[in-house]
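**Student:** Fold the following, please.
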Amino acid sequence: HFSDLGLMDISAASVLVMAVQGEDIWLGGTFPMIHISLGDDIEHTVYSYNESNPYSFQGRRVKNLEFDRNGNLWIGTSKHGLNLLEKQKNQFRHYHWGMTTDNTLDIDPIRCICETTSGDLWFSFDRFGVGIQHPDGDQELYTRFYEIDGTVRDINRVRSIFQDSQGNIWIGDLEGLGIY
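**Tutor:** This next block holds a predicted model:
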């Protein structure tokens, strides 16, 4: 049977996403982010924004959690862009998307995060397409799909990004499926 863990910080209805690495469980949802450590005792830590600490978690409503090949945790939020929990430093860094000068992408919901075999990180923005963060720090932004019939449409509301065994990137949005 299911039983309550006694975590007063969350309700089951507010858990939107989970990520697991070893004996660590990360929860995101309509609350600040929560880390649960499994072991002899179940312990948890709540991460929320602390104005006096530039390395604190920024945001609420976590939409996506993705570990990269180095064990860092990328966190996509609904209104506060990207956060990165750097494993070596055990601190958060708010990750600014530098492709626009007005920071509109910084507040757009991050729906998906996908790390490719080359180490690129692909992020989907709810209204502004798909961004790629290369390991060297360079960024690319794709905002258009080119259909087989020659028409062009905006990429928006992407809900899934996946790399297949051939290295192709599949992007699913609310209007269809594209491949890069």
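
**Student:** So which residue is dead centre in this protein?
**Tutor:** Here the mean C-alpha position of the chain is nearest to the C-alpha of G76 (Cα atoms, centre = their mean), at a distance of 3.0 Å.

**Student:** For the residue lying farthest from the centre of the chain, give me phi and psi.
**Tutor:** Going by Cα atoms, centre = their mean, the residue of the chain most distant from its centre is D149, 32.6 Å out. When read as degrees, to the nearest 10, the backbone of D149 gives phi -80, psi 0.

**Student:** Could you pull up the contacting residues of it?
**Tutor:** Neighbour list for D149: empty [criterion: Cβ atoms under 8 Å, 6 or more residues apart in numbering]. Backbone N, C-alpha and C define where each C-beta goes, glycine included.

**Student:** Kindly report the same for the one 5 residues further on.
**Tutor:** Counting by Cβ under 8 Å, 6+ apart, D154 touches G129, T143, R144, F145.

**Student:** Which of the residues you listed fall within helices?
**Tutor:** Using DSSP state H, no member of the contacts of D154 sits in helices.

**Student:** pLDDT score for the nearest residue to T116 once chain neighbours are set aside?
**Tutor:** Once flanking residues are discounted, T116 sits nearest to Q163: 5.0 Å by Cβ to Cβ, 6 or more residues apart in numbering. What the model reports for Q163 is a pLDDT of 97.
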